[in-house]
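Asks: Provided below for reference: sequence and predicted model.
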Amino acid sequence: MTNEQYLIVSYFCVAAISVVIGFAAYLWLRAPFYGIAAALPWKAFRDLLARLFPVGILLPAFLGFISVSYKGCLVKDYNQIVAKRSYLVSKNQEQISASLTHVVWAVFAWCALIAIVMAVKRRFDQGTTRSPSEIK
Amino acid sequence: MRAFLLLLVFGAVGQAVTASLDVKPGQHFMEYVWMVAGGLGDSLEYLFFTLAIYLVLMTILVAALKPKDDK
């Protein structure tokens, strides 16, 4: 296999792997996330979270892959890129790493959002369960 | 919601269209792929940040207004 063939095959394979990474993270977190979302009292907001969650995990995984450029600071020409197999392999590793890092940040962002929403819900529950005499 | 969808679609298409496609004859297949990926990346980035801002706005609204329980 020539370096050019390797570049084409590896590029699309890593693209598929990054989508699989995002999908695996979504599948892994789906059940607990929807469990938490189902506990929220606001239906419209619950539906919004449920709809955006898969997008919010899959998109960062693919964005991480796409954010890696083969044209770095030193290597700019296509022939220079294809010349070294080790360079191509390092770029593939970088793509997978970027994909994983983006998923990690996306999960952090979702966790922060869920934490805020749960805090709001707790205050909301305390407000609704309080008796009228307590409010006075 | 319709205004938000319009914002998403128009913004993403706008990002994709403005991406510079400097196509030269005799370029290799992967150079075309990288060009398309660059445009796609810009569009997806725009989509992602718009969705994130929308979600943050909705969360702030829910936190601030605390709408009634509508189970």
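Replies: Received, thanks. Residues are numbered from 1 along each chain as shown, chains lettered A, B, ... in the order given.
Asks: can you name the residues in contact with whichever strand or helix holds A:Asn79?
Replies: Using DSSP states H and E, A:Asn79 falls within helix A:78-83. Helix A:78-83 is contacted by residues A:3-4, A:7, A:70-71, A:75, A:87-88, B:27-28, B:30-31 when judged by C-beta atoms under 8 Å, 6 or more residues apart in numbering or on different chains. Glycine gets a C-beta too; all of them are placed from N, C-alpha and C.
Asks: so which elements touch the helix or strand immediately after it in the chain?
Replies: Scanning forward in sequence from helix A:78-83 by DSSP H and E, the next helix or strand is helix A:85-129. Counting contacts by 3 or more C-beta pairs under 8 Å, 6 or more residues apart in numbering or on different chains; DSSP states H and E, helix A:85-129 is packed against helix A:3-38, helix A:43-66, helix A:78-83, helix B:29-65.
Asks: chain center to helix A:85-129: distance?
Replies: Centre-to-centre, helix A:85-129 and its host chain are 6 Å apart (C-alpha atoms, centre = their mean, to the nearest Å).
Asks: equivalent analysis for stretch A:45-58, please.
Replies: The answer for stretch A:45-58 is 12 Å, by C-alpha atoms, centre = their mean.
Asks: how about that stretch: buried residues?
Replies: If you call a residue buried by 16 or more other C-beta atoms under 10 Å in any protein chain shown, then stretch A:45-58 has these buried ones: A:45-46, A:48-49, A:52-53, A:56-58.
Asks: which of the residues you listed are close to chain B?
Replies: A:45, A:48-49, A:52, A:56 (C-beta under 8 Å from any C-beta of the partner chain).
Asks: quick check, central residue of chain B?
Replies: Of all residues in chain B, the one closest to the mean position by C-alpha atoms, centre = their mean is B:Leu47, 1.7 Å from it.
Asks: what separation is there between it and chain A?
Replies: 7 Å (C-beta to the nearest C-beta, to the nearest Å).
Asks: surely that residue touches B:Leu8?
Replies: Yes. Counting by C-beta atoms under 8 Å, B:Leu8 is a contact partner of B:Leu47 at 6.2 Å.
Asks: skipping adjacent residues, who's closest to A:Asn3 in space?
Replies: Leaving aside its sequence neighbours, A:Asn3 sits nearest to A:Val82 (C-beta to C-beta, 6 or more residues apart in numbering or on different chains; 4.7 Å).
Asks: where in the chain is pLDDT low?
Replies: Using chain A. Within chain A, the segments meeting pLDDT under 70 span A:73-75, A:127-136.
Asks: actually, chain B is the one I wanted.
Replies: B:1, B:19-23, B:66-71.
Asks: contact residues of it facing chain A?
Replies: B:27-31, B:33-34, B:37, B:40-41, B:44-45, B:47-48, B:51-52, B:55-56, B:58-59, B:62-63, B:66-67, B:69-71.
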